[in-house]
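Colleague: Quick one: sequence plus predicted model below, questions after.
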Amino acid sequence: MSFTTKLFGAAAVAAVASFAMTGAAKADVCDTPSAMGDMGSFAGEVITIAGSMQGRDEENLLATVSCFEKATGAVVKYSGSRDFAALIVADLQSNNAPNIAIFPQPGLAGDMAAEGYLSPLGDETASWISANYADGQSWVDLGTYKNADGSEAFYGFPFKQDLKSLVWYSPEQFEDNGYEIPTTMEELIALSDQMVADGNTPWCVGIESGNATGWTATDWMEDLMLRTASPEKYDQWVTNELPFNSPEVIAAMEVYGQFTRNDDYVAGGAAAVATTFFGDAPKGLFTSPVQCMMHRQASFIPAFFPNKGEEVASGEADFFYFPPYSSSNMNFVNSKGKVVLGAGTLYTITKDSPATRALIEYLKEPKAHEVWMSQGAFLTAHKGADLSAYASEAQRKQGEILINASTFRFDASDLMPGAIGAGAFWSEMTAYANGQDAQTTADNIQAAWDAIK
Amino acid sequence: MISRTLHHTVLALIVFIWVVPFIALVTTSLRSEIASKTSGFWTAFTPTELGHRFSTHDKGSTEEVLIMTGNIFERLNLQEEDFPVSGEVKSVLFKGRVPDPDNEGKTILLRKLVPVGEAMDVRDGDFVFQKNGDFTWTFDTPTAPKPKKLDAFIDQNPVFAPVAYEEVLFENEHVPNALISSFIVTIPATIIPITIAAFAAYAFAWMRFPGRDWLFVIVVSLMVVPTQLAFLPILQGFSGIASWATALNAWMTDCEATKSCQVASKSFASLWITHTAFGLPLAIYLLRNYIVGLPRELLESARIDGANHLQIFTKLIVPLSVPALASFSIFQFLWVWNDLIVALYIGPNNSDDLVFPIRLQQQLGTFKDQLHLLNASAVISMIVPVIVFLAMQRYFIRGLLAGSVKGG
C-alpha cells in the first residue's frame, strides 16, 4: 500500500480523475488480435521486476503486464533506473533480489548467472524460442550461460528488440533534390558523393553520450563489420578469436572513417562528430534549413525527432535498410534474407516463484507482444505475433525486417566484456573520431583486451 | 574606497555567475521544447531570426485553382496552441533542380534565399509572400498542386508558456508523489539526527565520564567514512531485519491470507536510519563545539540551584543553541533533499514512493529524450530548499560561526 498515493489522492481531486482515466485506458490495451491462453491464478501475489527502462518504456511495460495481472490476479511492481547495472548487482548480493531482472546487456546477465544468482528457464522455453523467433537459435545462444558449476543453461528470455541497421531520411528532401533510395552500399556511397556535389551534406553523426560517449560509433562499426566481413568473422570478433587489430576489423573501421571522418560528408565537419549528442544528431534532418540528408541509427531514434516521432507517422521521416555491398567478393548475405544488427532486453528470473514462471510463460503469448506493439517503440522477432498490431506503418516495416532476417546478430559491444564493450571500444572509437588512425585505435583496443585475459 | 568598489564588483560578479544557470533553467523551462533545443536561452527575450518549415496546404485537396492564398503563420500555428509563432517573415529558402547551363542534359541543385515580394517557381507556379506571412501561389492553368514544404526565416517574437509545469504537476501523479515522498524522507531524517546529536553533544561537552575524549575522537573520525563504501553491508543488514520482520508479521497477524507478509527491506525507515547514521558525526561535532563555548558560569549556577542534567539541557542548552541547531538542520535538510545515491540504493523502489532526485533522473527517460520536462521539475525541486534557506538564514549565518569563535 502506498502512503503517498493515499495522501495525494486525498489532497487533489484532479489526481483521482487522472487515475481514473489511466485506468480506463489500460482496459482497452488488452484487446489485441490474439487471444491469451490460461495463465493460472495468482490472486494477490506480488511479482517484482527491476530493469533499466523508464518513462514511456516503463508505462508500456506496465501496460503489457497489466493484461497478465487482469488474467491471474497477480500484482506486478516495476522499478526502473538508469543505474540498473550497478543496482542489480548490489540487490542480488544483499539478498534483495527482485523476481525478474531485465538485462539490456547479455554480458552482465552472464556474469550474474556465473555467480549463481539466476534460475534457469528450462529446455522447453529454449526450444520454444528457437522455434518461434526469427533466427531463433541466435536468441537461445544469447540467453545461454554457464552457471556457478560451469554447466550451461538457458537463462535469458528475449523480449523487446531493437533494430540497428536503419538509415533515416526525409522523403520530402529526397524528392526536392531528386535522390533515390540506395539498395547497395556502392549506391549509398555514390549518393553521398552526389549530395556533396550538390552542395548538400549527406550525414548527421553524433557519438557524444556522457560517460557512454562512443557507443553510436560502435554500432556503425558492427553494421559495417557485418557487411565488409562475414557473420562468422563477426562472431569470432565478438569473442576476440579474431583479434581487434586484424585486417578485417581495420577495413571496417576505414569504411566507417570514409563516412564520418570526411568534412564534406558530415554536418558540422568531422570534428563535430565526437561532441554532438547522439540524440541531437537526427534533428539536423528536420531543422529549417536542413543540415543533413541521412542519419544511421537504431529503431528507437524517432523519440528524439523534434516532434517525438510523429514525423514518421506523418511521412516527414522515413527509413531504409542500411544496405550491403553488391560486389560479389563482399556479398556474404543470401539474396532473399537480410543481415540484421540489433539489440534487445533479456528477462531473467532472479527469485523464483510459480507466479514468476507464469509471467515468463505469458511472454510467450503473442498477446504480450501485440500489446506493446500497439503502444509503439517495440519490435519483436516473435513470428506468431500479428504484424497488424504495430502502432505505425513504419514499425510494421521494421518488424518485417526483423522477422525476415536471415542472419541476426546482436550488438557486439554488448556481448564483449564490459572493459571492452563498455570501455575501450567506446573511448578508442571516440579517439578515432578525433583523428587517431585506425591501426592505433585497433591496437589500443586489442591491448586492453589482452590486459583482461 | 577603492577596495570597497572592488569588493562590490567581485561580489556582483560572483552573484551573476551563480544566478545565470538559474535564469537559464527557468527560461528554458518556459520555452517550447523545439525552441530550447535549437537556440540558446539568451535568444529567448528578443526577436530572433529562426528557420521554420511550413507546408502550403493540407494533403488530399483535389480542387483545381489558379490562385492559392494562405498565411505562413496560420500554417505554422495550425497545431501549435501553446507556443504560437509570430513576427516578421524575412525570407524563404528556395531549393530545386534546374538544368545545368554548363552541362547539357544534366541538372544542378539551386538554393537561394528569396526576399519578401519576389516571385519564385514552386511546382510550376509563382509563389510570392509578404512580411506578415500572407502568400499567393499563382498558376497559368488551373491545377490542384501537391502541398509543398518550404523553409521560412522568421524574425520571431519571444513566446513563453508554462506547459511543461502543467504537464509535470497535473498530467500524472509522479511529481506531486515525489514531492510528498521527499518530505516523508527529509523531515524525520533531519529531526532524528539533530535530536540525538544535541543530547550527545551536551554529554561530550559538559558531562564527565571515563573515555569521553577518546569516544569523541572516534565519533569525529567517523566523518571520513564514505557513504558508498557502506551500501552493501547496510543493505545486507536491512535485508536481515526485514526477514525477521516478515517472520514476526506472519506470526502475529493473519497476513498470510492476503499474501502481504513481506516487509520491504528498502523503505522510508531504512532511509531515515541511514541518513541519521551518516549525519550524526558531523552533527555531534558541530553542536559539541558550540555547546562547549556556552558560559560555564551559567551552567554552574543552574547546578547550584538544583537543576539536573535533563533540566539544564532542555531549559538552558537547547534555547541557547538554536542558531547551531538551525544551521545544522539546514545542512542536513539540503543534503537529504538533494540526495540521489543513498535513496537509489537503500530507499523504496516502487514508483509511487520514489523521492524527487530519483524522479528527476527518471524523467529523462531511458534515452534522455524528455529534457524539457526535467527543467520544469528541477525548478520545482529547487523551490523547497530555497524556502527553507530563506526562512532560516538568520540562524544560518550565526550558526556558520558555530564553534569557531569562543566566548561570544
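Modeller: Everything's here; your move. Numbers count the residues shown, from 1 in each chain, chains lettered A, B, ... in the order given.

Colleague: how about the residues of the stretch 251-400 of chain A that lie near chain B?
Modeller: Taking C-beta under 8 Å from any C-beta of the partner chain as the measure of proximity, the stretch 251-400 of chain A contacts chain B at A:Gly279, A:Asp280, A:Lys283, A:Phe286, A:Thr287, A:Ser288, A:Pro289, A:Phe300, A:Ala303, A:Phe304, A:Pro306, A:Lys308. Every residue, glycine included, has its C-beta placed from N, CA and C.

Colleague: Let me see the confidence value for A:Asp198.
Modeller: At A:Asp198 the predicted local confidence, pLDDT, stands at 87.

Colleague: give me every residue that touches it.
Modeller: A:Asn177, B:Ile108, B:Leu109 (C-beta atoms under 8 Å, 6 or more residues apart in numbering or on different chains).

Colleague: how about a cut-off of 7 Å?
Modeller: Shown in contact with A:Asp198 (C-beta atoms under 7 Å, 6 or more residues apart in numbering or on different chains): A:Asn177, B:Leu109.

Colleague: cool, and B:Phe83?
Modeller: Taking C-beta under 7 Å, 6+ apart as the contact definition, B:Phe83 lies against B:Ser32, B:Val159, B:Ala161.

Colleague: go on, B:Phe231?
Modeller: When the contact criterion is C-beta under 7 Å, 6+ apart, the partners of B:Phe231 are A:Ala90, B:Tyr345.

Colleague: same check, this time on A:Ala134
Modeller: With contacts taken as C-beta under 7 Å, 6+ apart, A:Ala134 has the following neighbours: A:Ala381, A:Lys383, A:Leu402, A:Ile403, A:Ala405, A:Phe408.

Colleague: B:Ile34: neighbour count?
Modeller: Applying other C-beta atoms under 10 Å in any protein chain shown, we find 18 residues neighbouring B:Ile34.

Colleague: hmm, whichever strand or helix holds it touching chain A?
Modeller: Under the criterion of DSSP states H and E, B:Ile34 resides in helix B:33-38. Yes - part of helix B:33-38 sits close enough to chain A to count as contact by C-beta under 7 Å from any C-beta of the partner chain, namely B:Ile34, B:Lys37, B:Thr38.

Colleague: Throw those residues into a markdown table and include pLDDT, thanks.
Modeller: A markdown table is the format used below for the residues of helix B:33-38 next to chain A (pLDDT from 0 to 100):
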| residue | pLDDT |
| --- | --- |
| B:Ile34 | 74 |
| B:Lys37 | 72 |
| B:Thr38 | 72 |
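
Colleague: tell me the domain boundaries of chain B?
Modeller: Following automatic domain parsing, one finds the domains of chain B at B:2-43, B:47-157, B:165-400.

Colleague: most tightly surrounded among those?
Modeller: Greatest average neighbour count among the domains of chain B goes to domain B:165-400 (a mean of 18), per mean count of other C-beta atoms under 10 Å in any protein chain shown.

Colleague: where does the spatially closest residue to B:Met68 that is not a sequence neighbour land in three-state SS?
Modeller: For B:Met68, the nearest residue in space outside its immediate sequence neighbours is B:Trp137; the separation is 4.2 Å by C-beta to C-beta, 6 or more residues apart in numbering or on different chains. Three-state assignment for B:Trp137 (DSSP: H, G, I helix; E, B strand; the rest coil): strand.

Colleague: now do A:Pro158
Modeller: Following three-state DSSP, the label given to A:Pro158 is strand.

Colleague: so how many other residues sit close to it?
Modeller: The burial count assigned to A:Pro158 is 23, neighbours taken as other C-beta under 10 Å.

Colleague: can you check the one 5 residues further on too?
Modeller: Here the count is done by other C-beta under 10 Å, and A:Leu163 has 25 residues near it.
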